[in-house]
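1. Pasting a predicted model and its sequence here:
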Amino acid sequence: MTEPVVHQAPEGQAPEGISARAIGAIAAGLVAISAGLVAIAWLLVAPVPAARPATAPSALERDPIETATGGEQIRAAGAQRLERTEWVDRSAQIVRIPIDRAIDAVVADPRLIGTPSPGLAAATPEVRP
């Protein structure tokens, strides 16, 4: 039978105290921790299973104006008013226009906004044509 080879540390150097068993235990621990972190990451990014389609709209998804008598008509009338162009004050030349058209007009000519309030005048740069 052959005897295991024992290496002795050179003079003045301490012998190694780390066993192969300890290194294996540390490696196994690191693999286990890594596997756990991968599982947690997968749970965070995994797609959520599709919910069952509701047979009827939930009462929580309806707002008070829709549940009131005539709520659908009130909402439709309000939406139509937001899309309509009309005079607010003809003598002062104030017109109500849809917000999309207003944004496009101001982008084309920033002077349409009017004079800024005194508090904002110092904070905003002056627009010159």
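-> Received it, and whenever you're ready, just let me know what you need. Numbers count the residues shown, from 1 in each chain.
2. which residues of this structure fall in strands?
-> Secondary structure of the chain (DSSP state E): strands at 86-89, 94-96.
3. Find the residue ranges of this protein scoring beneath the pLDDT cut-off.
-> 1-10, 12-16, 51-69, 71, 115-129 (pLDDT under 70).
4. Surely residue 99 touches residue 84?
-> No: in this structure, residue 99 is not within contact of residue 84 by Cβ atoms under 8 Å, at 12.0 Å. Just so you know, the C-beta spots here come from the backbone N, C-alpha and C atoms, and that holds for glycine as well.
5. show me the contacts for residue 101.
-> residue 85 (Cβ atoms under 8 Å, 6 or more residues apart in numbering).
6. Can you list the residue ranges for helices in the protein?
-> Per DSSP state H, the chain carries helices over the ranges 20-45, 64-67, 71-83, 99-108, 118-121.
7. ok, back up a step: Serialize the strands of the chain to CSV and add fields for distance to residue 79 and mean neighbour count.
-> Output for these, formatted as CSV (distance: least, Cβ to Cβ, whole Å; neighbours: other Cβ atoms under 10 Å):
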stretch, distance to residue 79, mean neighbour count
strand 86-89, 15, 9
strand 94-96, 14, 11
